[in-house]
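Trainee: Quick one: sequence and predicted model below, then my questions.
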Amino acid sequence: MALIHINRNRENLGTFDDQDVADGLRSGRFLATDLAWREPMASWQPLSTFSDLPEVSEELGMPDQELIEGVLPKAPVEPAWERAEPGEGIQAAVATVKQVFTTPVMTFQKMPVSGGYWRPLIFYTLVSWASGLMALIYQLVVALINPALLFGEASKDLTPVMIIFITVATGVFLPLFLVIGSFLWAGLFHLGLLLTGGATKPFEASYRAMAYACGTAAVLQIIPLCGGYLYPIANLVYSVIALKEVHRTDLWRVILAAGLLLLVCCGLVMFVITVAGAAALGSGLAE
């Protein structure tokens with residue numbers, strides 16, 4: 001009988017004979033979801049499909065479940081928000097943020113690539129809105145102390161009441177901006193993946209991944225002073241990790257897609273600045 005090659009999460013666990021594999025499945029050393037291959041198979045298959053394995057060795061006995069749970073690493077799970085029940089919103093959101101921050105690779109490897117847009121959209125919008133409101137409060141304090149720092153020359157025409165009104169209005173309409181922005185950001189990133197050949201799954205998978213990645217990164221806005229600088233960096237980094245794992249593609253393809261996205265964004269900013277400058281110049285000449 002040919003030796004069996006076993007792979008878990010793209011990591012080669014080694015080559016084993018039939019008896020070792022049978023005993024390993026019983027003891028917990030191997031998982032039924034581990035991919036395996038032996039000659040003359042055409043492709044890798046889960047160990048659960050190997051129906052011709054021998055009986056477990058008698059001396060092995062039944063596995064000690066407590067020992068297995070204490071020694072073997074727990075299998076990664078999808079974002080907690082995906083399985084949240086009604087009334088578990090806060091706990092699930094906190095758990096998801098922790099998962100993405102600490103184990104992004106495993107989290108996005110297990111994330112369902114289908115299931116609709118609604119659940120990840122709600123996570124992204126709620127977490128980003130709450131974090132954004134904290135950032136707005138910080139900006140409001142700064143604006144009331146030194147309006148020129150945020151509004152420049154326009155601050156001369158602003159009263160404290162007007163500054164508070166602008167801040168409140170921004171907070172009220174922020175969810176709408178977040179929803180629209182999430183689809184634009186994910187759409188442009190997915191387009192970049194299509195151009196680089198890295199998109200192996202539909203747009204839905206890209207959106208779901210980026211909703212959890214970007215929503216988690218938004219939490220950094222809560223940090224005073226430096227949060228506004230950390231957030232866009234973390235947003236880009238976790239988006240790259242999420243898309244790489246969800247699409248099971250090469251890292252360079254995702255990074256190249258990110259570079260194309262940044263070029264598009266920079267181009268739009270330069271276009272707006274150019275148009276605004278031309279309009280101001282034309283207005284000045286007219287006067």
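Mentor: Ah, there it is.

Trainee: Let me see the domain layout of this structure.
Mentor: Split into domains by automatic domain parsing, the chain comes to 4-71, 80-286.

Trainee: Now mean pLDDT too, for the ones you listed, in CSV please.
Mentor: Converted to CSV, these look like this (pLDDT from 0 to 100):
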stretch, mean pLDDT
domain 4-71, 78
domain 80-286, 88
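
Trainee: Among these, show me which one is buried the most.
Mentor: Neighbour counts (mean count of other Cβ atoms under 10 Å) averaged over each of these peak at domain 80-286, with a mean of 16. All C-beta atoms are positioned from the backbone trio N, CA, C, and that covers glycine.

Trainee: and it, how far from the chain's centre?
Mentor: How far domain 80-286 lies from its chain's middle: 11 Å, per Cα atoms, centre = their mean, to the nearest Å.

Trainee: The residue nearest to Ala234 when sequence neighbours are not counted: what's it in contact with?
Mentor: Distance criterion Cβ to Cβ, 6 or more residues apart in numbering; nearest residue to Ala234, sequence neighbours excluded, is Ala217 at 4.0 Å. Counting by Cβ atoms under 8 Å, 6 or more residues apart in numbering, Ala217 touches Tyr231, Ala234, Asn235, Val237, Tyr238, Ser239.

Trainee: Wasn't Ala217 part of a helix?
Mentor: Yes. Using DSSP: H, G, I helix; E, B strand; the rest coil, the assignment for Ala217 is a helix.

Trainee: thinking again about what came up before, the contacts of Ala217: which two are farthest apart?
Mentor: Tyr231 and Ser239 (12.1 Å; Cβ to Cβ).

Trainee: can you give me the helices for this structure?
Mentor: Applying DSSP state H to the chain gives helices spanning 18-27, 65-71, 89-102, 104-110, 118-145, 148-151, 160-196, 203-218, 227-247, 251-286.

Trainee: Determine which of those approaches Glu78 most closely.
Mentor: Between those, helix 104-110 lies closest to Glu78; by Cβ to Cβ that is 4.4 Å.

Trainee: Mind giving me the packing neighbours of the closest one?
Mentor: Using 3 or more Cβ pairs under 8 Å, 6 or more residues apart in numbering; DSSP states H and E as the contact criterion, the elements in contact with helix 104-110 are helix 89-102, helix 203-218, helix 227-247.

Trainee: angle of the last one against helix 160-196?
Mentor: Between the axis of helix 227-247 and that of helix 160-196 there is an angle of 30 degrees, by axes from the mean of the first three to the mean of the last three Cα atoms, to 10 degrees.

Trainee: now do the second one
Mentor: Using the same axes, to 10 degrees, one finds that helix 203-218 and helix 160-196 are set 140 degrees apart in direction.

Trainee: CA-only coordinates of helix 203-218 in CSV, if you can.
Mentor: The C-alpha trace of helix 203-218 is given here as CSV (Å, rounded to 0.1, in the frame of the first residue of the first chain):
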residue,chain,number,x,y,z
PHE,A,203,-17.2,39.8,-5.7
GLU,A,204,-19.3,38.6,-2.8
ALA,A,205,-16.3,36.8,-1.3
SER,A,206,-14.2,39.9,-1.6
TYR,A,207,-16.8,42.1,0.0
ARG,A,208,-17.4,39.8,2.9
ALA,A,209,-13.6,39.5,3.6
MET,A,210,-13.0,43.3,3.4
ALA,A,211,-16.0,44.1,5.5
TYR,A,212,-14.6,42.1,8.4
ALA,A,213,-11.0,43.3,7.7
CYS,A,214,-11.9,47.0,7.4
GLY,A,215,-14.4,47.0,10.2
THR,A,216,-11.8,45.6,12.6
ALA,A,217,-9.2,48.1,11.4
ALA,A,218,-11.7,50.9,12.1
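
Trainee: and the angle for that helix with helix 118-145?
Mentor: Going by the same axes, to 10 degrees, helix 203-218 makes 30 degrees with helix 118-145.

Trainee: so who does Ala22 touch?
Mentor: Shown in contact with Ala22 (Cβ under 8 Å, 6+ apart): Leu53, Pro54, Glu55, Val56, Ser57.

Trainee: quick one: the first one and Val21 touch, right?
Mentor: Just to be clear, that refers to Leu53. Yes. Applying Cβ atoms under 8 Å, one finds Leu53 in contact with Val21, separated by 6.0 Å.

Trainee: on that earlier part again, now the contacts of Ala22 as TSV including distance to Leu140?
Mentor: Listed next are the contacts of Ala22 as TSV, based on distance: Cβ to Cβ, whole Å:
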residue	distance to Leu140
Leu53	65
Pro54	70
Glu55	71
Val56	66
Ser57	69
